[in-house]
Structures are given as structure tokens and as C-alpha cells.
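**Q** Provided below for reference: sequence and predicted model.
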Amino acid sequence: MGKRSHHDSIEQPSKKKSKSEKSEKPAKASKDKQGNGKETTADYSDASALSNIPQSEIDSFLTENVIKIADPSPDAPQFRPLLSFDHLPECDAGLYAQLKAFPAPTPIQSTTWPLLFAGRDVIGIAETGSGKTLGFGLPCLKKLIDSKSSKKPCQPRAVIISPTRELAMQIYDQLVKFGTHEKTRVTCIYGGVGKDEQRRALQKAAIVVATPGRLKDLQNDGSIDLGKVNYLVLDEADRMLDKGFEQDIKDIVKPMPVSRRQTVMFTATWPRSVRDLAATFMQTPVTVTIGGDPSADPRANTRIKQVVEVMDGREKEGRLVQLLSKSQRGHQSPEKVLVFCLYKKEAMRIENLIRNKGFKVAGIHGDLNQSDRFRNLDAFKKGNATILVATDVAARGLDIPNVKLVINVTFPLTVEDYVHRIGRTGRAGADGHAITMFTETDKALSGGLINVLKAAKQDVPESLLKFGTTVKKKQHDAYGAFFKDVDMDKTATKITFDD
Ligand SMILES: Nc1ncnc2c1ncn2[C@@H]1O[C@H](COP(=O)(O)OP(=O)(O)OP(=O)(O)O)[C@@H](O)[C@H]1O
């Protein structure tokens, strides 16, 4: 059987056979145009150990992991997913040393790595906690290590943009951990702290991880020149493309050369509302989806047990204390619990309530200064505080070990945000548990929530069904950007984005 026939099981344009299918030669991306109008310097082909694997094994891998690869370039070379770290292309500088801690690439890594090594633009959609950071991070480091680029000051080659400061730091930490030899060439810039040290670090940075506001600031005052960027990542891409960030992203991307830039977008949720805008930043991107149809409703990680409790708003605090007592006092060591609120003022009130009940609690929201935000998150990571009360600033991307339970005290503004919030538990193959308090004021989102529950084969309570199953076409232009239209806390302040 021809080695390319695995495309039968994945979404591909049917018009023509690719060049590699016709020749039956191993697929290879080179300095040639790739059928997508882009010049790349990538040189990638399947490793011989990978080429020798029977096609049936590749097909089983794609089917079992429900992997879809949609490539709009029929003539572009196609590659096999990497089934093992042994299938990675050669690279100097011990880039792969830290991978020994893991048994194998996760499906999103297996499938997107070859495409990224080959220089393609990629949209990667996979459940929360499935290793997307290394999915875009490892090819980024490899590109840097392989390049013989000059080390001009303040002209980074790669930019990774993240919606929050904590997530930017987490991505930075991962890159430094894997790219030990390049660590001095990676830097992280975000708002809420001084600019001078960041300007100094930019002098030798080849990879910059950043939040959009501070990156734009430093770009505007001439501290950074993005004209040589050839690898751009939007992590949490749907958030980065929503109305709250759209203009910043457009401004940041403007000086980056289109023809040589590889653009990469990763997320767990990919609503229709951002897809057209995404296309304007990319050139014939390959869309890789793990675990389901990208056009369906947002999908939660199926290892998370989701429970929705419909109640009156006045019952929430009593129920919260009850749940926390069970998780903190019924065990030898208290479980780590993440409690989500919608508003900053609400988060502060709930944090005080929990503290007054004698639990070890910390908080994270936009009204805290940055050092408090980092300190409190760290206390939770280390277990010095076993409960963290957060706004949606902690909903996306944060990889906190051993969070056993997520409690949503107030439902978020979108079902996508719900999927990200509960995704703070059940990471990297672990099981998780999420309990959501749902009131009549949230009923506009009942249809979307019901679909998320059903898709993950979770129980849907009768009391939730009563609110209706209709899904509104468009919920909000910007997740978390608006004041919720509910008079539950008059002093609550709007959730703002990070700079
Ligand atoms: N190949 C692998 N095998 C096992 N664990 C892995 C592998 N790659 C990464 N991980 C671990 O999985 C955890 C989750 O990874 P990561 O934070 O990248 O998830 P994510 O998909 O970006 O999640 P989110 O959608 O919430 O941002 C991390 O602790 C990471 O170290």
C-alpha cells in the first residue's frame, strides 16, 4: 500500500493527487515554493524509521485520535504524524533532551510538528491540557537553532503572543526549559512592570513571548523592530483575534514580512466568528483538529466530569462553602480547587468569604499588582494556598499541577470561556472535576452549555434543559470584554485585558 494513502482517512481536497503521491517518494519540503505561494527555508522529510511503519498503523493512529487535517494546498507535500520522539528530525543543542519525561508526542504534537518543521502555516485545535505549548514551542526553538541568522539587537526572529501575563511567563518558562542552550535568546515582555529591563533583554532576544499591549508599546517607541520576524504564534488564537485584541494584533503584525513569515495559531476552541479574520494573517494554513469537527460546538476535555447545579443566586455562597469543606477537610491533604468568578469585586468578596471560613486561599484578578498576581499564583502552584479564586484572567492556558476541582461560582460570558475554565483540571491525561453554579440570569447560554455537556457525554440536568436548548448564533464579540448585563454586584468593575 502506498505510504500516502492515510489521507483517505483525513480531510483533504480531492481534486488532485499531490506530487508525492504521484511519485511515491518520501514527502519533502524544501526551499522551493510549497504550493502555497510562500518561500520557506524549511527542509523537512519523514524520518526513515517513520517511513518504514506500515500504513495501517498510521491510519489507526489518525482514526483512534480522531485527527483531521484540512490542507487547502493540493500540491503541498504531506507528512506522516510522528508516532514517537525517535521520528523527530535531527537537531543540535540537546533540544530533545527534556522530552524523555514524556512517553510519546501528544496527537496535536505528532500531527503539527511535521507541518511546522516544513514551514507551513498551521491552525492547531486540540483539547485543553493536550500539550499545545510544545506543539508550537519545539518547532520555534528548532527554527532558531537551525538558523544561521545574524544576531542583530532588538530584531527578534520569533514572536509568541499570549492574552495574559501569567500565560506568557509560563510559555517562556517552557521554552527556556527545552531550549537550555538558547535561553539567553528568549525573553518575555508584559505590562504591569517596568520597561527598562525588558528593553535590555530585547537587545539579544531572538524569541519574544509577549502580551499584546506591552509589545505594541515597545514597538511604538522603537525598542523592538519586528521586521525580521519569521515565526509568529498566536496562542489562545480565538481570544487573540476577538474584538478586544484585534486592532493590537493588526498593528503588531504590520511590519512582519508576509512572504517569509510562518504564522501559527493554537487553541482549544475555534468559533466561527474569528475564522475569517484569522485567514487574513495566514497563507493557505493547514488546519489540524484533534478529537472532533472544528465546525461543531466548543468541545470540553472528555476526562473532566462536569456537573451543573441550577440554583438561586442567593444559594451560591452556602453551596460553595459546603463544596470547599468537603474538598479541604475530608481528605488527608486538601485538594487544589480553582474557584472562578466573573467580576473582580466578586472575586475579592468570595476570597474574603473563603478566608474567613479558615481555608488557605489566594486570589488572582486584574486589580492586583503584577507581583501579587505572580506571588498568589505561585502559592497555589506550590500548595501553600489550596484554593485559588480567579477571574477569567486565569481561564486560559495556565498549567497548574494537580488541580482536582474547578468551581464556577458565576458562569462566564461565553461557552468557550467555560471550556477553558474547566480545562484547568484534567490536564495531560489526568481526570478532572468541574462543578458549575447556573442561575436564571445565565439562561442565554444554556443551549451552548447543554451542547458542550452532550458532546462530552455528561449528564444534562432537567433544570438546565428548562432554560432552553437554543444556541444563540453570536454570544459576545469579545470574551470577557463586556460587563455582564446582570445587576448582581453594582460595584463590580469590567474585566479588562492584559497589556
Ligand atoms: N508529549 C507529552 N506527553 C505528556 N505530557 C505532555 C507532553 N507534552 C506536554 N505535556 C505536558 O502536558 C501539560 C499540558 O500542556 P500545555 O499546557 O501545553 O497544554 P495546552 O494544550 O496548551 O492547554 P490549554 O488549552 O489549556 O492552553 C503540561 O504540563 C506539559 O508539560
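**A** Received the coordinates, thanks. Nothing here was measured: the structure is a model prediction, and the numbers come from that model.
**Q** What is the neighbour count of the closest residue to residue 214 other than its chain neighbours?
**A** What sits nearest to residue 214 in space, not counting adjacent residues and going by C-beta to C-beta, 6 or more residues apart in numbering, is residue 191, at 4.4 Å. For the C-beta atoms, the positions are set from N, CA and C on the backbone; glycine is no exception. For residue 191, the tally of surrounding residues (other C-beta atoms under 10 Å) stands at 19.
**Q** Show me the shaky parts of the stretch 151-300 of the chain.
**A** Residue ranges of the stretch 151-300 of the chain with pLDDT under 70: 294.
**Q** got the CA coordinates for stretch 196-205 in PDB?
**A** Below are the C-alpha coordinates for stretch 196-205, written out as PDB (Å, rounded to 0.1, in the frame of the first residue of the first chain):
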ATOM      1  CA  ASP A 196      13.900  49.200  31.100                       C
ATOM      2  CA  GLU A 197      14.800  45.700  32.000                       C
ATOM      3  CA  GLN A 198      12.700  44.400  29.100                       C
ATOM      4  CA  ARG A 199      14.400  46.800  26.700                       C
ATOM      5  CA  ARG A 200      17.800  45.500  27.800                       C
ATOM      6  CA  ALA A 201      16.600  41.900  27.300                       C
ATOM      7  CA  LEU A 202      15.400  42.700  23.800                       C
ATOM      8  CA  GLN A 203      18.900  43.600  22.800                       C
ATOM      9  CA  LYS A 204      19.800  39.900  22.400                       C
ATOM     10  CA  ALA A 205      16.400  38.300  22.100                       C
END
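**Q** Name the residues of it that come out as buried.
**A** If you call a residue buried by 16 or more other C-beta atoms under 10 Å, then stretch 196-205 has these buried ones: 198-199, 201-202, 205.
**Q** can you check stretch 265-275 too?
**A** Under 16+ other C-beta under 10 Å, the buried positions of stretch 265-275 are 265-271, 273-274.
**Q** Between which two of those residues is the distance greatest?
**A** Distance extremes for the buried residues of stretch 265-275: the farthest pair is 266 and 273 at 17.7 Å, using C-beta to C-beta.
**Q** right, and the residue nearest to residue 214 touches residue 215 too?
**A** No - judged on C-beta atoms under 8 Å, residue 191 makes no contact with residue 215 at a distance of 9.4 Å.
**Q** Any residues of this protein in contact with the ligand? List them.
**A** 102, 105-106, 109, 128-134, 268, 397, 399, 423, 427-428 (C-beta under 6 Å from any ligand atom).
**Q** Just the buried ones from the residues you listed?
**A** Buried among the residues of the chain next to the ligand by 16+ other C-beta under 10 Å: 105-106, 109, 128-134, 268, 397, 399, 423, 427.
**Q** those strands in the stretch 301-450 of the chain, which residues are they?
**A** With DSSP state E, counting those that start in this stretch as the definition, the stretch 301-450 of the chain shows strands at residue ranges 304-310, 336-340, 361-364, 387-390, 403-408, 432-438.
**Q** Between strand 403-408 and the first one, find me the angle.
**A** This means strand 304-310. 30 degrees (axes from the mean of the first three to the mean of the last three C-alpha atoms, to 10 degrees).
**Q** Just the buried positions in strand 304-310, please.
**A** Buried positions in strand 304-310, judged by neighbour count with 16+ other C-beta under 10 Å: 304-306, 308-310.
**Q** Closest to residue 233 out of those residues?
**A** residue 304 (25.9 Å).
**Q** Do you know the pLDDT at the closest one?
**A** For residue 304, the pLDDT comes out at 97.
**Q** my read: it touches residue 432, true?
**A** Yes - under the criterion of C-beta under 8 Å, residue 304 makes contact with residue 432 at 4.1 Å.
**Q** okay, and the common contacts of the two?
**A** Shared contacts of residue 304 and residue 432, defined by C-beta atoms under 8 Å, 6 or more residues apart in numbering, are found at 422, 425-426.
**Q** Break down the stretch 251-400 of the chain into its helices, ranges please.
**A** If DSSP state H, counting those that start in this stretch is used as the criterion, the helices of the stretch 251-400 of the chain fall at 272-281, 316-329, 344-356, 370-382.
**Q** Packing partners of the first one?
**A** Contact partners of helix 272-281 among helices and strands, from 3 or more C-beta pairs under 8 Å, 6 or more residues apart in numbering; DSSP states H and E: helix 237-240, helix 243-253, strand 262-267.
**Q** Residue 325 is nearest to which of these?
**A** helix 237-240 (34.1 Å).
**Q** Pull out the buried positions in stretch 362-382.
**A** Result for stretch 362-382 [16+ other C-beta under 10 Å]: buried residues 362-366, 368, 373-374, 376-377, 379-381.
**Q** ok and the residue in the stretch 201-350 of the chain nearest the ligand?
**A** Nearest residue of the stretch 201-350 of the chain to the ligand, counting by C-beta to the nearest ligand atom: residue 268, 4.1 Å away.
**Q** Wait, that residue touches residue 420, no?
**A** Yes - if you go by C-beta under 8 Å, residue 268 and residue 420 touch, sitting 6.5 Å apart.
**Q** what touches both of those two?
**A** residue 128.
**Q** Can you pull out the low-pLDDT segments for the stretch 1-150 of the chain?
**A** 1-42, 148-150.
**Q** Name the residues of stretch 137-151 that are buried.
**A** The neighbour-count check on stretch 137-151 (16+ other C-beta under 10 Å) flags 137-146 as buried.
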